[in-house]
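S.K.: Return atomic coordinates for the entry below.
(2 chains)
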Amino acid sequence: MDILINWLANTPDFAVPYALAALGLILTERAGVLSLGAEGLMLVGALTGIGAQLAFGQPGVSLVLAMGAASLVSVLFAAMVILLRVNQVIAGLALVFFCQGFTSLLGTLFEWTNQATGGIGAASLWPLSALPGVGRLFEQNAMVWLTVPIFAAVAWFLAHTTTGLRWRAVGENPQAADAAGIGVTAYRFAAVLAGAALVGLAGAYLSVVSTKLWIAGMTGGRGWIAIGLVIFARWSPWKALAGALLFGCIEALIPQLAAAGIPLPQYFVLMTPYAVTLGVMIWVAMAKRGGQGEPGALGEPYVREERR
Amino acid sequence: MADLTQPAPLVAPSVARPRRHQPWVSRRYTLEIRQQLAWPWQALVLALSIAAGLAISAAILVAAGVPADELANEFIVQTFLDGQNFRAVLFQAAPMILVGLAGAMAFRARFWNLGLEGQMIWGAIGATAISFFGVGPEGLRLPLMFASALLCGLLWAWGPVLLKLRLGVNEIISTLMLNYLAGNFLLHLVYGPWKDPKDAFPYSPQFLAAERLPELFGGVGSAIVLAGIVAVLAWWLVDVSRAGLYLRFVNANPRMADAAGVPVTRMIVGSVLVSGAMAGLAGFVIASGQEGRLTQAFYQGYGFSGILIAFLARNNPLAATVVALLVAALFVTGRSLQVFYQVPFSMVQLIQAVIVIAVASSDFFIRHRLRRVAAA
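M.R.: Take a look at the predicted model:
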């Protein structure tokens, strides 16, 4: 019973980075820009977060600065794919490797590697956290609680506002959107920047809130997993949150099993998030639901001069 | 094409007014798609963008604390003009050429094979297995290791291409996930059952002398000869054979190719398998030609380098060989910068990314032109 409660209580901490990164990707991809740079932008968020944390020691400030830094870096990507019409796959990959190299270089230069920082405390949800037994479930940090309103806000924005409607129109059919007087370029720029901010926040959560450390390449493929998660969720925010919780559950289970004294082959255990992602991708494909929900113009540059 | 959102002008603008009387601000710029830019101009744009990428990289390195004059010395003088370092570049070039060719083969079939590292890992594991279990007589070890590496790399690429063609699973994600699976399996082997009992380091027992690729040309190694042969074969496959012609149809437009009677599925599967096999060979070359054993992180950085080489070479095998030599030089320089100036090796990754960004962005100027038109 204790193991069950502990497991469920630890799940959100593992789920939040996936959830926020996937939400950022949905925001970008709903406007038609295929965003493969998540892994790199998470690293930028993680590094900036830890740098700000070491300088100011205010988790809130660190998270906001991390969001800004990821947005700033994504301007480079936006300029490449929106203005210069570079292939979005090549641009996304180049962005990832640029960020991997850059964050590793800066982390070494500033000697931020492995420096412990003060973290963010638990924000208990009184009176639920006072419940006997299950109260532990409601002792989460503030970012976990904040994730839910962030999701609600983005989901509401995309589904129920005029701007959200235009945002999706740009991703669904940029030609028609342009003809209706919607600025495709401006919306796509906004989508890349806003999405990057959330992906950066996901990265900063890892370094500032979860591990309280910077290590080069610390995201360990979570950005790619988030991309898989978006396909699994069919570009719908709430399904992405459910998927992130599923991934969080699986990741949180591993230390619990180890603590319970069940011997596990270490490196096969480390494979599970990637194997599960692959499995989920196959399952989505077998269920023949992959295509539904995908923005119609995802990955296609919009070129007015080539309009037919 | 005409801009349909603007109302049609009543008079044709450029004819109606002489341009030189227009003040600068009232001129408008329009973007046009070019049909074709003459190749000397294309080469010039490419050279300029690579130079811009290198200049930005140099600026970053100087900002990171490498003295500027040392940098030029290190990269040009030490790497290309010093005999021993040039041999090091050739030594490094063999796996680089193989991954570059592997990337080019898959991209020719419009398949984003980002699993080059996983296929390399399996190639190295396949080769090491022959050594570890002592399969066959010693004289046959090298050919067996070669075949085993090729087969293992090929099989690791088989899964994602089947998943893509049968179920439509996105190959970008599937190949990447398979990299992480292969990487962890490699760690399992070198920390577990295949660990060298002699010391505490995570690597397999050393290969026998008969299992090492022989040294030729004063330390360069026969791997570069192998890479050269594979490059020529790839060139033949792509530029001469019928499959290469088919592949060009598939690359241009899969649906049209299918209508024209090209066996599209077979062509895609074939080129991805060849790609995986080449990456497997790169793993074999590192294990048998460089390290002499299976090590824990030998593959790092090669996956992206392969993609970069294929991209810069426009998937052309011979161009890929030349680009691979340059990337190998970058690797060798990066290692010495790491030793002498404590610049992390990921700097090499950063420089490659900067060059890709510069070249990819410069394509815009090859494909478009800005034209000044007089405003009405």
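S.K.: For the residue of chain A found nearest chain B, grab the count of nearby residues.
M.R.: For chain A, the residue closest to chain B is residue A:101, as judged by Cβ to the nearest Cβ, at 2.7 Å. The way it works is simple: take the backbone N, C-alpha and C, and place the C-beta from them, glycine included. Number of residues near residue A:101 (other Cβ atoms under 10 Å in any protein chain shown) recorded here: 28.
S.K.: Alpha carbons of the host helix or strand of it, in CSV - could you do that?
M.R.: In the assignment (DSSP states H and E), residue A:101 maps to helix A:88-109. Taking C-alpha atoms only, helix A:88-109 is exported to CSV below (Å, rounded to 0.1, in the frame of the first residue of the first chain):
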residue,chain,number,x,y,z
GLN,A,88,11.7,21.8,-41.3
VAL,A,89,13.3,18.4,-40.5
ILE,A,90,16.8,19.7,-41.3
ALA,A,91,16.3,22.9,-39.4
GLY,A,92,14.9,21.1,-36.4
LEU,A,93,17.8,18.7,-36.3
ALA,A,94,20.3,21.5,-36.7
LEU,A,95,18.6,23.3,-33.9
VAL,A,96,18.9,20.3,-31.6
PHE,A,97,22.6,19.8,-32.3
PHE,A,98,23.2,23.6,-32.0
CYS,A,99,21.6,23.6,-28.6
GLN,A,100,23.3,20.4,-27.4
GLY,A,101,26.7,21.9,-28.3
PHE,A,102,26.0,25.3,-27.1
THR,A,103,24.6,24.4,-23.7
SER,A,104,27.4,21.9,-23.1
LEU,A,105,29.9,24.6,-24.0
LEU,A,106,28.3,27.3,-21.8
GLY,A,107,27.8,24.8,-18.9
THR,A,108,31.6,24.0,-19.0
LEU,A,109,32.6,27.7,-19.4
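S.K.: What sits closest to residue A:43 if chain neighbours are left out?
M.R.: Leaving aside its sequence neighbours, residue A:43 sits nearest to residue A:103 (Cβ to Cβ, 6 or more residues apart in numbering or on different chains; 4.5 Å).
S.K.: For the one you found, which residues are in contact?
M.R.: A:43, A:44, A:46, A:47, A:216 (Cβ atoms under 8 Å, 6 or more residues apart in numbering or on different chains).
S.K.: that older thread, surely the residue of chain A closest to chain B and residue B:348 touch.
M.R.: Yes - under the criterion of Cβ atoms under 8 Å, residue A:101 makes contact with residue B:348 at 7.5 Å.
S.K.: Quickly find the element holding residue B:228.
M.R.: Residue B:228 belongs to helix B:223-235, assigned by DSSP H and E.
S.K.: Flag every buried residue along that helix.
M.R.: Residues of helix B:223-235 classed as buried: B:223, B:224, B:226, B:227, B:230, B:231, B:234, B:235 (neighbour count, 16 or more other Cβ atoms under 10 Å in any protein chain shown).
S.K.: could you give me the average pLDDT of that helix?
M.R.: Across helix B:223-235, pLDDT averages out at 90.
S.K.: That one: what's the following helix or strand?
M.R.: By DSSP H and E, the next helix or strand past helix B:223-235 is helix B:242-252.
S.K.: and the next element down the chain from that next one?
M.R.: That would be, after helix B:242-252 and using DSSP H and E, helix B:254-259.
S.K.: and of the buried residues of helix B:223-235, the nearest to chain A?
M.R.: residue B:234 (21.2 Å).
S.K.: which residues does the nearest residue to that closest one once chain neighbours are set aside contact?
M.R.: Nearest non-adjacent residue to residue B:234, counting by Cβ to Cβ, 6+ apart: residue B:317, 3.9 Å away. Shown in contact with residue B:317 (Cβ under 8 Å, 6+ apart): B:101, B:104, B:231, B:234, B:235, B:237, B:238, B:239.
S.K.: Return the per-residue confidence for the closest residue to the fifth one other than its chain neighbours.
M.R.: Think residue B:235. Ranked by Cβ to Cβ, 6+ apart and with sequence neighbours excluded, the top spatial neighbour of residue B:235 is residue B:317, at 4.4 Å. In this prediction, residue B:317 carries a pLDDT score of 92.
S.K.: any idea how far the residue of chain B found nearest chain A is from residue A:46?
M.R.: The minimum distance from chain B to chain A, using Cβ to the nearest Cβ, falls at residue B:350 (2.7 Å). Distance, residue B:350 to residue A:46, using Cβ to Cβ, to the nearest Å: 17 Å.
S.K.: So what touches stretch B:261-277?
M.R.: B:102-103, B:105-106, B:108-111, B:113, B:115-116, B:119, B:150-151, B:153-158, B:160-162, B:165, B:237, B:243, B:246-247, B:249-250, B:254, B:257-258.
S.K.: With stretch A:94-102 instead?
M.R.: A:36-37, A:39-41, A:43-44, A:73-74, A:76-77, A:80, A:217, A:223, B:304, B:346-354, B:356-357, B:360.
S.K.: If burial is judged by neighbour count, which of the residues you listed pass?
M.R.: Looks like these have A:36-37, A:39-41, A:43-44, A:73-74, A:76-77, A:80, A:223, B:304, B:346-354, B:356-357, B:360 buried, using 16+ other Cβ under 10 Å.
S.K.: Tell me the residues of the stretch 101-250 of chain B that contact chain A?
M.R.: Taking Cβ under 8 Å from any Cβ of the partner chain as the contact definition, the stretch 101-250 of chain B meets chain A at B:112, B:114, B:163, B:167-170, B:172-174, B:176-178, B:180-181, B:184-185, B:187-188, B:191-192.
S.K.: One more pass at 10 Å, please.
M.R.: Selection of the stretch 101-250 of chain B residues close to chain A by Cβ under 10 Å from any Cβ of the partner chain yields B:107, B:112, B:114, B:159-160, B:163-164, B:166-170, B:172-192.
S.K.: Below-threshold pLDDT in the chain: ranges please.
M.R.: In the absence of a named chain, chain A is used. Chain A contains residues with pLDDT under 70 at A:1, A:119, A:121-127, A:130, A:133, A:288-292, A:305-308.
S.K.: think we crossed wires, I meant chain B
M.R.: Short version for chain B, where the test is pLDDT under 70: B:1-29, B:35, B:76-78, B:217-219, B:372-376.
S.K.: how's it carved up into domains?
M.R.: B:42-61+B:353-369, B:92-342 (automatic domain parsing).
S.K.: tell me the contacts of the closest residue to residue A:222 other than its chain neighbours?
M.R.: Ranked by Cβ to Cβ, 6+ apart and with sequence neighbours excluded, the top spatial neighbour of residue A:222 is residue A:17, at 5.7 Å. Going by Cβ atoms under 10 Å, 6 or more residues apart in numbering or on different chains, residue A:17 touches A:42, A:45-46, A:143, A:147, A:199, A:201-207, A:209-210, A:219, A:222-223, A:225-226, A:244, A:247-248, A:251.
S.K.: Narrow those residues to those in helices?
M.R.: Per DSSP state H, helices hold the following members of those: A:42, A:45-46, A:143, A:147, A:199, A:201-204, A:222-223, A:225-226, A:244, A:247-248, A:251.
S.K.: residues near residue B:138, how many?
M.R.: 11.
S.K.: Also residue B:42?
M.R.: 15.
S.K.: Settle this for me: it is touching residue B:366, isn't it.
M.R.: Yes - look at residue B:42 against residue B:366 with Cβ atoms under 10 Å: they come within range, at 5.6 Å.
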